[in-house]
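Novice: the sequence isn't on hand, but the structure is:
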């Protein structure tokens, strides 16, 4: 099947499988149950009668409903081409993020002691409230501004309501709502990521914003239906019920311009447009009680343009008399032609859309810091001429990618640690990649068995030992850290950090759960101070005499030795590195890695970039710039810093580390690391 046709079909049916969409099959099933139960209680009908009434062909196969289905199918095709060419939330969020650095003269961390769950809850609530408020404002404008009403009336022309009616929109309206969503999400993301950094995460249920999930579970699909469900006057002053939205679609004049809200009714209360359901059940839906409105594609797509041009012509005649004759003549003759041409252009743009539609451009979501990624981007751009856009964040990118869904601009995801890579795989955010180059350059144990993620560099979890420690020769294995001789002499960052959690996971995989827990408890008993700081801080603590031994990643040692800060070079000179377990399983390693985003708009370019990262040129960059070991077995590096010696590594399949991460965290919690 043609790629475009397959993508189109995917877009059409995707809402049924996406919990972030109202037509998700789970929400539909819940709505049907609610509808049947209400009919049984209120109308005293049997379950069978209630089901037959809900699925009445008079509703689901009416000319109005068939119009809904046509718009759903064709709009998906049109928007496939239009949406990727609109400004993305990533661009807006990145711009704001950078502007905040200028406005506030650097990064500001607000309330650093607040628990992460508080920030996550505030982020989720703020996003929900601002999203709902702007939906109300735009919806109100679509009714109150005649030019916008020309397009919004397509939605209101529905004479029978089904859950699919939510997709009965003109492409112009769809673009307006897409831009609204982009701006709202970009602003909230930029503000929270700037002030709260990695504590910014979205509270979700099966991937959907928790508030929208609850709204959809409560029967949101019944808003567009013939099932009358009210919440009662008290609740309807706060939440829009299905009945209230049906009032919004009513033909009766007393119901016009009422209940613009999507979820919350407070905006309608503030705007004076709230109408409670009691005694207000509509008798008919649509936009014109006297004229039968055909539900043909010509009427649905072209008539709004004609009406909009009439309004524009009238406004121009009022405001610009000196040009009115000329404009009237031109507009009257070209209104229909222009509307047809506009629609054809939209379709043409969508037909040209494909996953590789903009070769020479690449969008990266990166957990790795800018100074670690920039050398690779510069080298790739110099080699290929590709324009590379990067969004950096230490946390929250998986949630962002999940919330963006099929409209995400991300092509490549780059991150550190196998556990973080597996988060993307578990959330089904990565696309399988078939590449002979990647298969040849990356050993099997450093890539996903389903080819969703790949390791690009290796980092060893090593032991830094003070040069003043006379008994350093007694340390040869990780297991030796449990020896009482090291009591009060070990420094470490918190055990729950992904680097230490991965180390514990490797011990569990090698020695079993009980042995690993006993070892972790003994290490904690031997700590010289409470776990704190990053890996650099452990080397500093050894230099200052607080401890003799620290657990670090090897590349931190290389960074310190080559630092422009003389003090950091002194820290490094105070220690030697031990690569443990050379006589048995080898030193534990982890990876930096990445994959191709599931909905990558430039998939071919994304694969080419991943292949570049495994090339000798890029692999040497990993060692010379980041002091990491290459994954490509054909690439050798010079050990100029002492951080990259030849050593025996543990060749345990790296995916096993992720599989053991949950057990490792429980061990860490139990021993108080």
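Specialist: Perfect, thanks for sending it. Quick caveat, the model's predicted, so the values are computed rather than measured.
Novice: where in this protein is pLDDT low?
Specialist: Counting by pLDDT under 70, the chain has low-confidence residues at 1-4, 98, 101-102, 105-109, 198, 289-293, 320-359, 394-395, 639-643.
Novice: quick check: longest strand of it.
Specialist: strand 454-466 (DSSP state E).
Novice: could you check how far the next helix-or-strand element following it is from the centre of its chain?
Specialist: Using DSSP states H and E, the helix or strand that follows strand 454-466 in sequence is strand 490-491. On the basis of C-alpha atoms, centre = their mean, to the nearest Å, strand 490-491 is displaced by 38 Å from the centre of the chain it belongs to.
Novice: over to stretch 19-29?
Specialist: 19 Å.
Novice: same thing with stretch 137-144?
Specialist: 28 Å.
Novice: mind listing what's buried in it?
Specialist: Applying a neighbour-count criterion of 16 or more other C-beta atoms under 10 Å, one finds 138-140, 142-143 buried in stretch 137-144. For every residue, glycine as well, the C-beta is placed using N, CA and C.
Novice: ok, those vs residue 221, which is closest?
Specialist: Nearest to residue 221 among these, counting by C-beta to C-beta, is residue 139 at 18.1 Å.
Novice: which element is the closest one on?
Specialist: Using DSSP H and E, residue 139 falls within helix 116-144.
Novice: for that helix, name the packing helices and strands.
Specialist: Secondary-structure packing of helix 116-144 (3 or more C-beta pairs under 8 Å, 6 or more residues apart in numbering; DSSP states H and E): helix 146-156, helix 171-196, strand 208-209, helix 210-217, helix 266-271.
Novice: any idea which of the ones you listed is most buried?
Specialist: Sort those by mean neighbour count, taking mean count of other C-beta atoms under 10 Å, and strand 208-209 sits at the top with a mean of 23.
Novice: okay, now the sheet partners of that strand, with direction.
Specialist: strand 204-205 (antiparallel) (DSSP bridges).
Novice: just to revisit the earlier point, farthest-separated two in the buried residues of stretch 137-144?
Specialist: Across the buried residues of stretch 137-144, the longest distance by C-beta to C-beta is 10.1 Å; it joins 138 and 143.
Novice: contacting residues around residue 389?
Specialist: Counting by C-beta atoms under 8 Å, 6 or more residues apart in numbering, residue 389 makes contact with 90-91, 94, 361-364.
Novice: likewise for residue 138?
Specialist: Taking C-beta under 8 Å, 6+ apart as the contact definition, residue 138 lies against 176-177, 180.
Novice: out of those residues, who's nearest residue 77?
Specialist: Closest approach between these and residue 77, by C-beta to C-beta: residue 177, at 17.6 Å.
Novice: name the nearest residue to that closest one, sequence neighbours excluded.
Specialist: Setting aside the residues directly before and after it, residue 177 is nearest to residue 138 in space (C-beta to C-beta, 6 or more residues apart in numbering), at 6.7 Å.
Novice: what separation do you get for the one you found and residue 668?
Specialist: 48 Å (C-beta to C-beta, to the nearest Å).
Novice: could you dump the contacts of residue 138 to TSV with distance to residue 558?
Specialist: Output for the contacts of residue 138, formatted as TSV (distance: C-beta to C-beta, whole Å):
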residue	distance to residue 558
176	52
177	50
180	48
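Novice: tell me the one of the residues you listed nearest residue 229?
Specialist: The closest of the contacts of residue 138, once distances to residue 229 are taken by C-beta to C-beta, is residue 177, at 25.1 Å.
Novice: in the helix holding residue 139, which residues are buried?
Specialist: 119-120, 122-124, 127-129, 131-136, 138-140, 142-143.
Novice: touching, residue 243 and residue 232? I think so.
Specialist: No: at 10.3 Å, residue 243 does not count as touching residue 232 under the criterion of C-beta atoms under 8 Å.
Novice: who's more crowded, those two?
Specialist: Set side by side, residue 243 and residue 232 show more neighbours around residue 243, with 24 against 11, by other C-beta atoms under 10 Å.
Novice: and the gap between the residue nearest to residue 110 when sequence neighbours are not counted and residue 188?
Specialist: Leaving aside its sequence neighbours, residue 110 sits nearest to residue 195 (C-beta to C-beta, 6+ apart; 4.5 Å). In this view, residue 195 and residue 188 are 11 Å apart by C-beta to C-beta.
Novice: same thing with residue 373?
Specialist: In this view, residue 373 and residue 188 are 25 Å apart by C-beta to C-beta.
Novice: now the helix holding residue 139: how far from the chain's centre is it?
Specialist: Counting by C-alpha atoms, centre = their mean, helix 116-144 is centred 17 Å from the centre of its parent chain.
Novice: equivalent analysis for stretch 273-284, please.
Specialist: Distance of stretch 273-284 from the chain centroid (C-alpha atoms, centre = their mean) equals 38 Å.
Novice: in that stretch, what's buried?
Specialist: When burial is assessed from 16+ other C-beta under 10 Å, stretch 273-284 yields the following buried residues: 273-277, 280, 282.
Novice: what is the nearest of the residues you listed to residue 378?
Specialist: Closest approach to residue 378 among the buried residues of stretch 273-284 (C-beta to C-beta): residue 273, at 54.4 Å.
Novice: next, the contact list for that closest one, please.
Specialist: Counting by C-beta under 8 Å, 6+ apart, residue 273 touches 140, 257-260.
Novice: check residue 560 too.
Specialist: 536, 539, 568-569, 571-572.
Novice: now the contacts of residue 389: which count as buried?
Specialist: Among the contacts of residue 389, those buried by neighbour count (16+ other C-beta under 10 Å) are 90-91, 94, 362-364.
Novice: coming back round to it: so which of the contacts of residue 273 belong to strands?
Specialist: Going by DSSP E, the strands hold none of the contacts of residue 273.
Novice: most neighbours out of those, which is it?
Specialist: Going by other C-beta under 10 Å, residue 259 tops the contacts of residue 273 with 28 neighbours.
Novice: coming back round to it: so how far is residue 181 from the residue nearest to residue 177?
Specialist: According to C-beta to C-beta, residue 138 and residue 181 sit 10 Å apart.
Novice: also residue 92?
Specialist: Residue 92 sits 11 Å away from residue 181, going by C-beta to C-beta.
Novice: same check on residue 524?
Specialist: From residue 524 over to residue 181 (counting by C-beta to C-beta), the distance is 47 Å.
Novice: what of residue 636?
Specialist: 50 Å.
Novice: repeat that for residue 244.
Specialist: Between residue 244 and residue 181 the computed distance is 23 Å (C-beta to C-beta).
Novice: then residue 464?
Specialist: Residue 464 sits 48 Å away from residue 181, going by C-beta to C-beta.
Novice: do the same with residue 508
Specialist: 43 Å.
Novice: TSV for the buried residues of stretch 273-284, including secondary structure?
Specialist: Below are the buried residues of stretch 273-284 laid out as TSV (DSSP: H, G, I helix; E, B strand; the rest coil):
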residue	secondary structure
273	coil
274	coil
275	coil
276	coil
277	coil
280	coil
282	coil
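Novice: tell me the contacts of the closest residue in space to residue 369 that isn't next to it in sequence?
Specialist: Closest residue to residue 369 apart from its sequence neighbours, by C-beta to C-beta, 6+ apart: residue 392 at 6.9 Å. Neighbour list for residue 392: 366-370, 373 [criterion: C-beta under 8 Å, 6+ apart].
Novice: what's the answer for residue 652, then?
Specialist: 445, 506, 509-510, 585.
Novice: which parts of the stretch 551-673 of the chain are strands?
Specialist: 575-578, 589-597, 629-630 (DSSP state E, counting those that start in this stretch).
Novice: which one of the ones you listed lies closest to residue 420?
Specialist: strand 589-597 (8.9 Å).
Novice: what pairs with the closest one, and is each one parallel or antiparallel?
Specialist: With DSSP bridges as the test, strand 589-597 is paired with strand 412-416 (antiparallel), strand 430-431 (antiparallel), strand 454-466 (antiparallel).
Novice: about what we covered before: tell me which two in the contacts of residue 560 are the farthest apart.
Specialist: For the contacts of residue 560, and using C-beta to C-beta, no pair is farther apart than 536 and 569, which are 12.1 Å apart.
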